[in-house]
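Undergrad: please find the sequence and the predicted model below.
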Amino acid sequence: MRLKKIMQIYDVCIYENLFMKLTISKRKTNSKCALYPKNRTWRANCFPVSSDYKLFNQYFTGKGYYYIIMKQSHLMIIGENVQTAEAILRESGFSEIIVIKSVSAAIDTLRIEKRDEIVNNVDIFLIDDELTGMSGVDACLRLKVIPQLKHIPIILLTNDKHEEKLKEAFDAGVSDFIVRPFCKTELNARVISILKLKKEQDKCLTREKELSSITNKLSDINKILTNLSNIDVPTGLSNRNRFDEYLEHEWKFAVRESESISLLLVDIDYLQIYYEKLGKEKGDKCLMLIVQELKTTLKRPGDLLARFNGDTFGIILAHTDAKGAETIAELLRLSVSALKIEHPRSILSNYVSITIGYASAKPSRGNSELSLIVAAEQALYTAKKDGRNCSRQKNVIL
């Protein structure tokens, strides 16, 4: 009785997730005790140490653990003749108990149809095996098919202890059973045991969710890092690494589908002289204007524009033969000329221009995409030799 009275006074100490952290220490000044939970300090109304301290210490090292489980747990009893079980549980310390007469009423009470999240306001179901219109096993099956309730354990209150009945109940998802007439000690022990197990399962589920969230975040970060590793920072275009990967992929596709593929190498004429004369800021502005014009002119989503090296850009044109590549090359050259970006030191004209070398192929098995790059580089070299501000083609040797 003294222990029960003490716990009524110090019920404030029942605090979620902190009951395992509580320690009791004597205060030297007045021989009283104080409570110190993790991350927070509570100083309860002190009481004499001599006898009550021992009871209080015994409470938190033994029976107190079960008392806290009782205080924190929410029970739902489903059935019409469950008054005895309810009375035993309430007398033992369970205060959060809901009694419902049918499974349908229980589902309505929990408002399952109106929510998608997991139900957290019920920790355990106790179901009478003699429900009106259905058996306890059928009631278990009905609850277990509802995603929001499948994690909640069920104890079956039954009059039948035959092996066939018990097997049927366990197959339906019942966690435990209790046979009438109820024994107070057995009923409390089984309910507390299932509640302890559920608390551990809830912790595991929480950890799994946290790990899943961390995994998803790491996956997102990986994608960002992968994208960054494939981007040329100054221009925002794909870099050489991405260019090589994409060319290899499209080359293999062209082999498989017997399609043509073309590669254009675009060089900005005398860009370094432009930078030296006008400075980095204006040089970068000129570079971005040309890049934007190239991107705008390339209208097909499958075409890749990438930074090949230095002042040279690579354009991969899938499903494009030599005639198509020639048309696109000239269109790009004229589009950049139309920008009329003044060049102070160009020996070609007063405006910035581009030179293009391109190559096309219809690859077959055993050929390498490197042959396309070599041919395009040779074509670009020829175009520069012929005076720049033009486009030239080179046949691919397969």
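TA: Happy to help now that I have it.
Undergrad: helix or strand: which one has V99?
TA: Under DSSP states H and E, the secondary-structure element containing V99 is strand 96-100.
Undergrad: who does that strand touch, helix- and strand-wise?
TA: Packed against strand 96-100, as judged by 3 or more C-beta pairs under 8 Å, 6 or more residues apart in numbering; DSSP states H and E, are the following elements: strand 74-78, helix 83-92, helix 103-110. Every residue, glycine included, has its C-beta placed from N, CA and C.
Undergrad: surely R392 forms part of a strand?
TA: Yes. R392: assigned to a strand according to DSSP: H, G, I helix; E, B strand; the rest coil.
Undergrad: how far away is the closest residue to it other than its chain neighbours from G366?
TA: Of all residues not flanking R392 in the chain, A383 sits nearest, at 4.0 Å (C-beta to C-beta, 6 or more residues apart in numbering). Going from A383 to G366 by C-beta to C-beta, to the nearest Å gives 30 Å.
Undergrad: look at those two and report which has more neighbours.
TA: In terms of neighbours (other C-beta atoms under 10 Å), A383 is the more surrounded of A383 and G366; the figures are 25 against 7.
Undergrad: on the three-state scheme, the more buried one is what?
TA: When the structure is reduced to helix, strand and coil (three-state DSSP), A383 reads as helix.
Undergrad: pLDDT score assigned to it?
TA: Here the pLDDT value assigned to A383 is 96.
Undergrad: can you offset everything so residue one is 57?
TA: Fine by me, first position is 57 from now on; the one you just mentioned is A439.
Undergrad: distance check, it against Y414.
TA: Taking C-beta to C-beta as the measure, A439 falls 9 Å from Y414.
Undergrad: hey, what's in contact with both of those two?
TA: Applying C-beta atoms under 8 Å, 6 or more residues apart in numbering, one finds that A439 and Y414 are jointly contacted by S447, R448.
Undergrad: could you list every helix and strand in contact with whichever strand or helix holds E433?
TA: With secondary structure defined by DSSP H and E, E433 is part of helix 426-441. Helices and strands touching helix 426-441, by 3+ C-beta pairs under 8 Å, 6+ apart, are helix 296-313, strand 317-324, strand 410-417, strand 447-449.
Undergrad: just want the angle from it to strand 410-417.
TA: Between helix 426-441 and strand 410-417, the angle formed by their directions is 150 degrees, by axes from the mean of the first three to the mean of the last three C-alpha atoms, to 10 degrees.
Undergrad: show me which positions of helix 426-441 end up buried.
TA: Across helix 426-441, burial judged by 16 or more other C-beta atoms under 10 Å covers S427, L428, I429, A431, A432, E433, Q434, A435, L436, Y437, A439, K440.
Undergrad: would JSON lines of these with distance to D367 be doable?
TA: Rendered in JSON lines, the data for the buried residues of helix 426-441 read as follows (distance: C-beta to C-beta, whole Å):
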{"residue": "S427", "distance to D367": "24"}
{"residue": "L428", "distance to D367": "21"}
{"residue": "I429", "distance to D367": "17"}
{"residue": "A431", "distance to D367": "20"}
{"residue": "A432", "distance to D367": "15"}
{"residue": "E433", "distance to D367": "14"}
{"residue": "Q434", "distance to D367": "18"}
{"residue": "A435", "distance to D367": "16"}
{"residue": "L436", "distance to D367": "11"}
{"residue": "Y437", "distance to D367": "14"}
{"residue": "A439", "distance to D367": "14"}
{"residue": "K440", "distance to D367": "11"}
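Undergrad: could you point out which of the residues you listed is nearest to H375?
TA: Distances from the buried residues of helix 426-441 to H375 were compared by C-beta to C-beta; the smallest belongs to L428, at 14.4 Å.
Undergrad: pull up the distance across stretch 363-382, start to finish.
TA: With C-alpha to C-alpha, to the nearest Å as the measure, the ends of stretch 363-382 fall 20 Å from one another.
Undergrad: and what of stretch 198-207?
TA: From its first residue to its last, stretch 198-207 covers 13 Å (C-alpha to C-alpha).
Undergrad: list the buried ones in it?
TA: Applying a neighbour-count criterion of 16+ other C-beta under 10 Å, one finds R198, L199, K200, Q204, L205 buried in stretch 198-207.
Undergrad: verify the contact between the third one and P209 for me.
TA: No. Using C-beta atoms under 8 Å, K200 makes no contact with P209, being 10.6 Å away.
Undergrad: A431 contacts I453, correct?
TA: Yes. Taking contact to mean C-beta under 8 Å, the distance of 7.3 Å between A431 and I453 places them in contact.
Undergrad: so who does the closest residue to V452 other than its chain neighbours touch?
TA: Take V452 and drop its neighbours on the chain: the residue closest to it by C-beta to C-beta, 6+ apart is A417, 4.1 Å away. By C-beta under 8 Å, 6+ apart, A417 lies in contact with A310, S316, I317, S318, N423, S427, L428, A431, V452, L454.
Undergrad: surely the fourth one touches K379?
TA: To tie it back to what came earlier, the one meant is S318. No. At 9.7 Å, S318 and K379 do not qualify as touching, with contact defined as C-beta under 8 Å.
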